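>>> Give me the fold of what follows.
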Amino acid sequence: MNAYYLSRALVLRTAAQSQFLKAAAALATPATNEVHVASQNELRLVRAALGKTYPQEPMARLLHVLVPESINELPGVPPLLGARAFPAPEAEAPPNALIAQLQALRAAHPGRQHYRLLLINAFGANLGDNLIGLTAFRHVLPVLRAQLPAVAVDVLLGWHADDRLARQFRNVDGIESIRTQGPTLAELGRYQALFDTSNLLDLPRYGKLPRVDWHLWWMGLDPARVPAAEKRNAVAIPDADRQFVGEKLPPADGPRILINPLASVALRSMPESAIRRLVAALLADWPEARIILLQPIVLEHPRVCHLTGVIATSDHLAALVAAVDGLIGVDTSTAHLADATATPAVTLFSAIAPDLYPYYPLVEALVLPDADKLPAWGKDKVSPEIWAGMADRYEAAWQALDPGTVIAALRRAMGKKLAQPAAFEPRLLSPRAATSACPTRVVDSDICAIEVPLRQREDWMATLLNEIIANLAAQAVRPGDTVVHLGPGAGEAVVGLARAVGPHGRLVAMEPRRALHQLLCANLARAGLWQAETHLALPEGEGITRREISGLQVADESWPLLLSNSDEPEPVVCWSLDVLALNACSLLVVNSPLARVPVLQGARATLERLRPVVLIGVVAMPHAEAFEAFFDALNYRVRALQLSDPSQPAQSARHVILVADPMVGPQGLSSPGPGEGMSEEATAR
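As a prediction, this is how the structure comes out:
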């Protein structure tokens, strides 16, 4: 994992997406929301964009890159999982290290019920690599679920030209959301732990273990404990794509053979001359075969079907591999799709040994003649400059390949399936809906059903606070009144207050957390309570100002009486209640997530002028005296309702809800004290 920050602001833009990157205010000590984790391709794009935007500036002044070692030492960065967590993974990572790591993670967060993990940079940049990585992930997920109460995994991909990888991950159980831009360090803090496969080709043991075994080991599991039959790939193919491909294929009056000569790099691709020789041999030696080509080659024959440009998506490609009777391809994604779809295949290797894929029973592996003597043997890719100097030698090696050997290998693979069709069933996943999981859930109350953040925890103090608000409203509020609720969250109590004032009354709510304000508005609108007036504002300070508060992620674990659950800053407008210059107010509720003393100070003129009943909750008992002194100066009487936890009846109360009754009303008359009948002790039910 690399991270970076900039000395100059930059708009990073491609055909697929864009991102604004702010400049660090202090280069020696950048803020956590100014440092970005680099996703795939991001640093390369940033360097290019900086050079174009600021051509006169030295790159070393514009771009500051943090290496993984320095990032992991920063406070607030989540711990790493798997082999990456060890300084010397090959020597130090024990078998099944993940189990002990998850146990330590749970011990570090003993009260947490939901954990969010981030898979940084997925399993590489290509479809085939990620298909194999997801095979390993399907074994990791049950371990995560066994060790943690609940877990969701997000995936950080990168700046790719299309959404092929994103579509691949959307179909995977356990994957909740997909990010294509690197998060800031502040955003990284929403995760409890990380898997990191950045710079995949340079990681320990990569290229030395079978690919799926490497991913298992890197994520912290012992590959030897996973049976070979369970190391096979699986894929989801939407029905619409199956139908689309089926309509494009020639009739199945003979075996349909797909030839896919292209890998992501020229090093592992088949040159056109070799393709022509192979197609000619197939047409001559297999008269009933139909040939399907994906590469644009001028080659006309009644038994050759060109699908260049027709197979436009990764789902099309998977459907095509599943539909044909055999595949001849190079070391690329189609070979791994063939395993998932149980399609007999021949894979031609020019750069790496086929023993990296030992678990594909219907794939015949052939290596180019003397490939191990070629200059790039053992490498997945080389730079374009290096390739230009060796391309002729690979052309010669492809010319030495006997097409008859390839055809014979394909016949063997097809014969193997024909002899035991029941033993080679495709492993197909059910496609998931393209939309992400809803980040809210519906809770029912005595008043109505409302939406709250998906993983908002149940809190007995919040439940009791809402009950007391309802009881006080029944005594202090009449239809037509004006009521103010500051910090109401998603509106668990506000809906009841709005109904209490009725259609001719007025409810004013100020909620500073953007996500909760949106839920509050939605819940009020759904209930038809249009008399409610909501403000996205922090009700403190003097006049109208702007500041930043920590944000709340609705899909992450949260508590109803805490302000935030992340370190991500978000802007909010501040104005005090006095700025509204209300004409009337019978009840003022100030909820616990707010800094209640500053909020009350900003409402002092309103309290002096309108004399509402005030409810403040929840307050730690040692802090109650500060509120009593504040209200005593305003000629209010304060009563403390002690909160008792029903799960710990022997424990003395540590928190209170304060109710302040005005001793003198707005006309100078003695107030009846609407809370007179309320108990001095309250217990959650």
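>>> May I have the phi/psi pair for Pro503?
The phi/psi pair for Pro503 (degrees, to the nearest 10) reads phi -70, psi -20.
>>> so it makes contact with Gln531?
Yes: assessed by Cβ atoms under 8 Å, Pro503 is found in contact with Gln531 at 5.7 Å. Bear in mind the C-beta positions are built from the backbone N, C-alpha and C, glycine included.
>>> So which of the two has more stuff around it?
Taking neighbours as other Cβ atoms under 10 Å, Pro503 and Gln531 compare with Gln531 leading, 16 against 12.
>>> what sits against that one?
498, 501-507 (Cβ atoms under 8 Å, 6 or more residues apart in numbering).
>>> can you list those residues in a markdown table and add secondary structure and pLDDT?
Below are the contacts of Gln531 laid out as a markdown table (DSSP: H, G, I helix; E, B strand; the rest coil; pLDDT from 0 to 100):
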| residue | secondary structure | pLDDT |
| --- | --- | --- |
| Ala498 | helix | 94 |
| Val501 | helix | 95 |
| Gly502 | coil | 94 |
| Pro503 | coil | 93 |
| His504 | coil | 94 |
| Gly505 | coil | 95 |
| Arg506 | strand | 96 |
| Leu507 | strand | 96 |
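>>> Confidence-wise, which helix or strand of this structure is lowest on average?
One helix or strand of the chain scores below all others by mean pLDDT, DSSP states H and E: strand 681-683, with a mean of 54.
>>> So what would you say the end-to-end distance of stretch 256-272 is?
Length of stretch 256-272, first residue to last, Cα to Cα, to the nearest Å: 21 Å.
>>> for this protein, what are the low-confidence residue spans?
433-437, 446-447, 665-685 (pLDDT under 70).
>>> Outline the domain layout of it.
Recorded structural domains for the chain (assignment: automatic domain parsing) are 3-231, 235-429, 440-683.
>>> Would you show me how to pick out the buried ones of the contacts of Gln531 in ChimeraX?
Here the buried members of these are turned into a ChimeraX selection, burial being counted by 16 or more other Cβ atoms under 10 Å:
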select :498,501,502,505,506,507
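>>> Make TSV out of the contacts of Gln531 and add distance to Leu45.
Listed next are the contacts of Gln531 as TSV, based on distance: Cβ to Cβ, whole Å:
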residue	distance to Leu45
Ala498	49
Val501	54
Gly502	57
Pro503	55
His504	58
Gly505	55
Arg506	52
Leu507	49
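>>> Out of the contacts of Gln531, which comes closest to Leu293?
Closest to Leu293 out of the contacts of Gln531 is Ala498 (66.3 Å), distances taken as Cβ to Cβ.
>>> Whichever strand or helix holds Phe169: which residues count as buried?
Element membership for Phe169 (DSSP states H and E) is helix 164-170. Of the residues in helix 164-170, those buried under the neighbour-count criterion (16+ other Cβ under 10 Å) are 164-170.
>>> That helix: what's the following helix or strand?
Downstream of helix 164-170 (by DSSP H and E), the next one is strand 175-179.
>>> ok, that next one: who's next to it in the sheet?
strand 151-156 (parallel) (DSSP bridges).
>>> Show me which positions of stretch 550-562 end up buried.
550-561.
>>> Stretch 313-323 too?
Of the residues in stretch 313-323, 314-323 count as buried by neighbour count, 16+ other Cβ under 10 Å.
>>> Then stretch 152-164?
152-160, 163-164.
>>> Specify which member of the contacts of Gln531 is nearest to Asn96.
Nearest to Asn96 among these, with distances taken as Cβ to Cβ, is Ala498, at 54.5 Å.
>>> need the contact list for the nearest residue to the closest one once chain neighbours are set aside.
In space, and not counting its chain neighbours, Ala498 is closest to Leu529: 4.0 Å by Cβ to Cβ, 6 or more residues apart in numbering. Leu529 makes contact with 495, 498-499, 507 under the criterion Cβ under 8 Å, 6+ apart.
>>> Farthest-apart pair in the buried residues of stretch 550-562, please.
Greatest spacing in the buried residues of stretch 550-562, by Cβ to Cβ: Ala555 and Leu561 (19.2 Å).
>>> on that earlier part again, any chance of JSON lines for the buried residues of helix 164-170, columns distance to Leu63?
Below are these laid out as JSON lines (distance: Cβ to Cβ, whole Å):
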{"residue": "Arg164", "distance to Leu63": "29"}
{"residue": "Leu165", "distance to Leu63": "26"}
{"residue": "Ala166", "distance to Leu63": "27"}
{"residue": "Arg167", "distance to Leu63": "32"}
{"residue": "Gln168", "distance to Leu63": "31"}
{"residue": "Phe169", "distance to Leu63": "29"}
{"residue": "Arg170", "distance to Leu63": "33"}
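>>> Out of those residues, flag the one nearest to Lys381.
Set against Lys381, the nearest of the buried residues of helix 164-170 by Cβ to Cβ is Leu165 (17.3 Å).
>>> Excluding covalently adjacent residues, which one is nearest to that closest one?
Using Cβ to Cβ, 6+ apart, the closest residue to Leu165 is Leu157 (5.2 Å).
>>> doesn't Arg164 make contact with the one you found?
No: Leu157 is not in contact with Arg164 according to Cβ under 8 Å; the separation is 9.8 Å.
>>> With adjacent residues omitted, what lies nearest to Pro89?
The spatially closest residue to Pro89, leaving aside those adjacent along the chain, is Ala83, at 3.9 Å (Cβ to Cβ, 6+ apart).
>>> circling back to that earlier point, show me which of the buried residues of stretch 152-164 is closest to Arg637.
For the buried residues of stretch 152-164, the nearest to Arg637 is Ala152 (48.5 Å; Cβ to Cβ).
>>> and the next element down the chain from the helix or strand Phe195 falls within?
In this assignment (DSSP H and E), Phe195 forms part of strand 193-196. Next along the chain after strand 193-196, taking DSSP H and E as the criterion, comes helix 211-218.
>>> How far off centre is that next one?
22 Å (Cα atoms, centre = their mean, to the nearest Å).
>>> Using CSV, write down the CA coordinates of it.
Written as CSV, here are the backbone C-alpha positions of helix 211-218 (Å, rounded to 0.1, in the frame of the first residue of the first chain):
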residue,chain,number,x,y,z
ARG,A,211,-1.8,-18.9,-7.9
VAL,A,212,-4.8,-19.9,-5.8
ASP,A,213,-2.5,-21.3,-3.1
TRP,A,214,-0.6,-18.0,-3.1
HIS,A,215,-3.8,-16.0,-2.5
LEU,A,216,-4.8,-18.3,0.3
TRP,A,217,-1.4,-18.0,2.0
TRP,A,218,-1.3,-14.3,1.5
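>>> Just the C-alpha atoms of stretch 46-58, please, in CSV.
Provided in CSV are the C-alpha atoms of stretch 46-58 (Å, rounded to 0.1, in the frame of the first residue of the first chain):
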residue,chain,number,x,y,z
VAL,A,46,-1.3,11.6,-10.8
ARG,A,47,2.3,12.1,-12.0
ALA,A,48,1.1,12.5,-15.6
ALA,A,49,-1.6,15.0,-14.5
LEU,A,50,0.8,17.0,-12.3
GLY,A,51,3.4,17.2,-15.1
LYS,A,52,0.7,18.6,-17.5
THR,A,53,-0.9,21.0,-15.0
TYR,A,54,2.3,22.3,-13.4
PRO,A,55,5.0,21.8,-16.1
GLN,A,56,7.5,24.2,-14.5
GLU,A,57,7.4,22.6,-11.0
PRO,A,58,9.8,19.8,-10.1
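>>> residues in contact with it?
4, 6, 8, 10-13, 21, 38, 59, 62-63.
>>> Mind checking which of those are in helices?
Secondary structure from DSSP state H places 59, 62 of the contacts of stretch 46-58 in helices.
>>> What about the contacts of stretch 46-58, which are in strands?
Within the contacts of stretch 46-58, residues falling in strands by DSSP state E are 4, 6, 10-13, 21, 63.
>>> Any of the residues you listed buried? List them.
4, 6, 10, 12, 21, 63.
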